Every structure is written in structure tokens, then in C-alpha cells.
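Novice: Sequence plus the predicted model coming up.
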Amino acid sequence: MSRRAGYEESWDLTYLVEQLRELVGRDLRLQPELASELEDTLDSLVLRNQRLRGLQRMVQAEREADDLSILRHALEDMDRELLERLPVLLDRLRAALP
């Protein structure tokens, strides 16, 4: 992605998502509340990915700086939220392992 977008994906977030991927692939027995939290987090990750792809397309199309800024800020906000939520969720999922 072009540096003009002013957005760099967080390596910390990437690391946490990889940990989540490993746990989700295991045989988890989740309480309904934890399953709902996991589903909400996965939905957020899908939305984040869609926004990131949209930002990439906008950069390639050389869209207006204001448009890029709005999407970049939305991604940064989402990343901050996920960086807060994921460690707690990972701990709860690890505790649910048989």
C-alpha cells in the first residue's frame, strides 16, 4: 500500500489475530456469553479487513485526501479497540480449553 495513505497495519494486532486463529481452530467448549464475544470480535475483524481493502482501493484510485483520512481514522480506531479486546478474549478462550 502507498505511504500516502498514512496508515500502517499494527504488528501487535497481527500477532493477536494469529493467536486467535490458532485457538479458534481448537476444540473449544464455549459458554454462550464467550461464544457471542468471539462472534462479535470475528465480525469486527471482517469489517476491519473490508475497510482496509477499501482504503487500498482508494489509494490505488488516487482518491481525495479527505476520503483517505476518514477511512484511515476509522481503521485506526478499530485497531485500538481490537488491541484492547483481543488480549482479554484470548485469555478467556485459553481458559476454556479442555
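Specialist: The structure has been received and is ready for your questions. Numbering: from 1, shown residues only.
Novice: C-alpha from now on. contacts and neighbour counts both.
Specialist: Noted.
Novice: does residue 89 really touch residue 38, like I thought?
Specialist: Yes - between residue 89 and residue 38 there is a contact at 7.3 Å, judged by CA atoms under 8 Å.
Novice: Pick out whichever of these two has more residues nearby.
Specialist: Higher neighbour count among residue 89 and residue 38: residue 38, with 20 against 17, using other CA atoms under 10 Å.
Novice: host element of that one?
Specialist: Using DSSP states H and E, the element containing residue 38 is helix 32-60.
Novice: and that helix, what does it pack onto?
Specialist: Using 3 or more CA pairs under 8 Å, 6 or more residues apart in numbering; DSSP states H and E, the elements in contact with helix 32-60 are helix 65-95.
Novice: Could you tell me the angle between the helix it packs on and helix 32-60?
Specialist: 150 degrees (axes from the mean of the first three to the mean of the last three CA atoms, to 10 degrees).
Novice: Give me the helices and strands touching helix 65-95, please.
Specialist: helix 11-24, helix 32-60.
Novice: got the angle between it and helix 11-24?
Specialist: Using the same axes, to 10 degrees: helix 65-95 against helix 11-24 is 40 degrees.
Novice: so how far is helix 65-95 off the chain centroid?
Specialist: Centroid displacement of helix 65-95 relative to its chain, using CA atoms, centre = their mean, to the nearest Å, is 5 Å.
Novice: Show me which positions of that helix end up buried.
Specialist: By 16 or more other CA atoms under 10 Å, the buried positions in helix 65-95 come out as 68, 71-72, 75-76, 78-79, 82-83, 86-87, 89-90, 93.
Novice: what's the answer for stretch 17-25, then?
Specialist: 17, 20, 23.
Novice: how about the nearest residue to the second one, chain neighbours excluded?
Specialist: Spelled out, it's residue 20. residue 90 (6.5 Å; CA to CA, 6 or more residues apart in numbering).
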